[in-house]
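Enquirer: Fold the following.
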Amino acid sequence: MSSVFNFTFVPWFRSVAPYIHKFRNQTFVVGIAGEAIEAGKLPHLAQDLALIQSMGVKVVLVHGFRPQVNEQLAAKGHTPRYSHGMRITDGVALDCAQEAAGQLRYEIEAAFSQGLPNTPMAGATIRVISGNFLTARPVGIVDGIDFQHSGVVRKVDTAGITRTLDVGAMVLLSPFGFSPTGEAFNLAMEEVATSVATALQADKLIFVTEVPGIRVEPGQPESDENPIDTEMSLGVAERLLSELPAANQPTDTAFYLQHCVKACKGGVERSHIIPFAIDGSILLEVYVHDGIGTMVVDEKLESLREATVDDVGGILQLIEPLEKDGTLVKRSRTEIERDIGLYTVIEHDGVIFACAALYAYPEAKTAEMAALTVSTQVQGQGDGERVLKRIEQRARADKLDSIFVLTTRTTHWFRKRGFVQVDPDWLPEARKRKYNWDRKSQVLVKKLS
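Expert: Below is the predicted model of the structure:
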């Protein structure tokens with residue numbers, strides 16, 4: 001095995017470990033557009049979902065079937081009809097939807113039954129269970145248009161789904177619901193996934209779609225200056241929806257976004273829009289910090305706060321590389337545990353991405369900012385500056401006149417932020433006694449106005 005592979009694999013595997021721990025026993029509702037299956041993406045999607053489930057995530061899979069139903073209609077010489085972004089389901093369309101759903105269930109169950117050696121499914125035992133978990137009612141007549149057999153979700157059997165998930169099975173839902181009188185209604189995959197995620201209070205709702213996500217400037221062409229907005233607060237998403245025209249096509253910006261907003265307002269903390277065109281997009285979205293699509297959250301996941309004893313492990317993992325290369329002075333776990341109340345951290349989705357400690361010298365009206373560290377995954381995004389500002393706030397609250405740092409490699413960064421270099425003799429007596437003259441660290445001071 002090549003050393004290059006070892007060098008890249010080991011740090012990567014360690015970096016995803018916090019997410020593996022965090023998502024264990026959580027519930028994900030995944031809505032897969034029928035277009036993804038039509039494009040031949042089902043085998044890899046099944047492998048990725050099986051891998052996620054093997055790491056302890058409970059998965060509810062909702063499949064769409066727009067192109068499959070349209071294909072059945074075309075074979076019968078029938079033209080698909082839509083209005084208000086929904087299919088008008090007459091008797092022929094209902095028959096086609098039932099045929100398409102049956103075929104897709106067969107294909108999906110087959111995909112999760114793979115187990116060939118040397119594949120991601122080797123040794124996997126995935127039980128896929130479907131059922132009449134949804135009660136539906138008709139859409140009825142809207143603006144004079146009779147939607148006939150099209151329906152909306154009336155009730156989700158949360159107890160039945162939860163029991164199924166708790167025995168280790170994956171729940172598979174087709175976009176069909178049934179009335180108490182036994183009538184079948186064609187539902188929209190997006191509405192089913194949103195309703196189920198809300199009813200279960202799922203931890204994530206993930207749409208695997210035709211679109212790559214929501215761009216920073218919606219409606220503008222793809223470019224380096226107009227990338228995918230990887231994290232959007234619920235407030236921003238709601239404002240954007242209010243400015244966008246009504247969505248009639250899945251490729252319209254508002255089409256999936258409206259369901260993400262509805263889910264977040266209903267108690268689902270995170271809703272995602274990711275592209276099926278990129279292989280492994282679910283894994284990239286769930287287990288990589290910035291993800292690959294757009295995530296709508298009911299609040300910013302990033303939290304700037306004072307550290308607790310539960311953060312010791314994360315801080316050690318963050319500062320270890322800089323201790324090894326000599327950028328930081330080595331600190332033991334015992335030392336960090338003892339001083340944990342002095343640390344400020346930035347946490348994102350349960351992972352520590354930045355930290356610093358404030359050691360006060362009240363007799364000299366100053367304090368040392370030590371162990372300032374920002375993860376390489378988020379460098380250049382302003383986290384270091386945010387930690388610095390919080391440290392300054394803490395120092396002012398303690399009625400200190402200045403803060404200082406000792407550094408061997410980041411002098412310019414501090415100078416750009418108002419620090420001035422001084423002679424080590426400037427240090428408070430208690431700190432001067434611990435100064436390592438062999439290390440020759442530069443001392444920089446910032447006055448607090």
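
Enquirer: give the contact list for residue 73.
Expert: Under the criterion of C-beta atoms under 8 Å, 6 or more residues apart in numbering, the contact partners of residue 73 comprise 79, 80, 92, 93, 96. Yep, even glycine has a C-beta here, placed from its N, CA and C like the rest.

Enquirer: can you redo those residues as a markdown table with distance to residue 142?
Expert: As requested, the contacts of residue 73 are arranged in a markdown table below (distance: C-beta to C-beta, whole Å):
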| residue | distance to residue 142 |
| --- | --- |
| 79 | 20 |
| 80 | 18 |
| 92 | 20 |
| 93 | 17 |
| 96 | 22 |
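
Enquirer: Now, of those residues, which are buried?
Expert: 80, 93, 96 (16 or more other C-beta atoms under 10 Å).

Enquirer: got the phi/psi numbers for the second one?
Expert: Read it as residue 93. Note on residue 93: backbone dihedrals following degrees, to the nearest 10 are phi -60, psi -40.

Enquirer: Return the distance of the helix or strand containing residue 235 from the chain's centre.
Expert: Here residue 235 is covered by helix 234-243, with elements defined by DSSP states H and E. Relative to its parent chain, helix 234-243 has a centroid offset of 19 Å by C-alpha atoms, centre = their mean, to the nearest Å.

Enquirer: Rounded mean pLDDT for it, please.
Expert: What helix 234-243 shows for mean pLDDT is 90.

Enquirer: Dump it to CSV, keeping only the CA atoms.
Expert: As requested, the backbone C-alpha atoms of helix 234-243 are provided in CSV (Å, rounded to 0.1, in the frame of the first residue of the first chain):
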residue,chain,number,x,y,z
LEU,A,234,-34.0,29.7,7.7
GLY,A,235,-34.6,33.5,7.7
VAL,A,236,-32.5,34.0,4.6
ALA,A,237,-34.3,31.1,2.9
GLU,A,238,-37.7,32.5,3.7
ARG,A,239,-36.7,35.9,2.4
LEU,A,240,-35.4,34.4,-0.8
LEU,A,241,-38.6,32.4,-1.3
SER,A,242,-40.7,35.6,-0.9
GLU,A,243,-38.7,37.1,-3.8
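
Enquirer: Would you mind listing the outside residues contacting it?
Expert: Residues from elsewhere that reach helix 234-243, judged by C-beta under 8 Å, 6+ apart: 214, 218, 232, 253-254, 257-258, 260-261, 264-265, 296-299.

Enquirer: mind redoing it with 6 Å?
Expert: When contacts are taken as C-beta atoms under 6 Å, 6 or more residues apart in numbering, the neighbours of helix 234-243 outside the stretch itself are 254, 258, 261, 264, 296, 298.

Enquirer: Now the next helix or strand after it - C-alpha only, CSV.
Expert: Toward the C-terminal end, the helix or strand that comes next after helix 234-243 (DSSP H and E) is helix 253-265. Once side chains and other backbone atoms are set aside, the C-alpha atoms of helix 253-265 remain, and they are given as CSV (Å, rounded to 0.1, in the frame of the first residue of the first chain):
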residue,chain,number,x,y,z
THR,A,253,-35.0,27.6,-7.6
ALA,A,254,-38.0,27.6,-5.2
PHE,A,255,-39.1,24.0,-6.0
TYR,A,256,-37.1,22.1,-3.4
LEU,A,257,-36.3,25.2,-1.3
GLN,A,258,-39.9,25.6,-0.3
HIS,A,259,-40.0,22.1,1.1
CYS,A,260,-36.7,22.7,3.0
VAL,A,261,-38.2,25.8,4.6
LYS,A,262,-41.4,24.0,5.5
ALA,A,263,-39.5,21.2,7.1
CYS,A,264,-37.2,23.5,9.1
LYS,A,265,-40.2,25.5,10.3
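
Enquirer: how many degrees apart are helix 253-265 and helix 234-243 in direction?
Expert: Counting by axes from the mean of the first three to the mean of the last three C-alpha atoms, to 10 degrees, helix 253-265 points 140 degrees away from the direction of helix 234-243.
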